[in-house]
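With the sequence up front, the predicted model follows.
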Amino acid sequence: MSSEADMMILDSVKENTRMKKTITHLEEENKRLKDKIKLLEIHHSNNERMIDLLKRHKDEQQALGLHIIDPTKFEPPNIGKKRKLEHGEGSQVPRDEGEQKKE
């Protein structure tokens, strides 16, 4: 009888040791997963900030574009003047190309 009790105690000790190792392993895994979650939360937060920054930049660019281009004063570009500047003053580009005629 004593041998059966000793065997049961020995089995219980082995099971207890195995469970302690399993718990230790699970705690380590839990710590690693918590660290990964923190990193993902930081990454998510940075992504949200970047999206907000890009939205603000887009809105600012649209507002700036509306401010710079006044539809009441909009004129077509003077292509002839630009070409003369690109090719030099004595270029073969006619003087009135792309310019509006002034009468």
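Looks like it came in fine.

alpha carbons only for contacts and neighbour counts from here, please
Noted.

From the contact counts, what lies against the one helix or strand residue 40 maps to?
Using DSSP states H and E, residue 40 maps to helix 2-68. Counting contacts by 3 or more Cα pairs under 8 Å, 6 or more residues apart in numbering; DSSP states H and E, helix 2-68 is packed against no other helix or strand.

pLDDT of it, averaged?
The average pLDDT within helix 2-68 is 92.

Relative to residue 44, how far out is residue 65?
For residue 65, the distance to residue 44 (Cα to Cα, to the nearest Å) stands at 31 Å.

Kindly report the same for residue 2.
Residue 2 is 62 Å from residue 44, by Cα to Cα.

With residue 27 instead?
For residue 27 relative to residue 44 (Cα to Cα), the value is 25 Å.

With residue 52 instead?
Distance from residue 52 to residue 44, by Cα to Cα: 12 Å.
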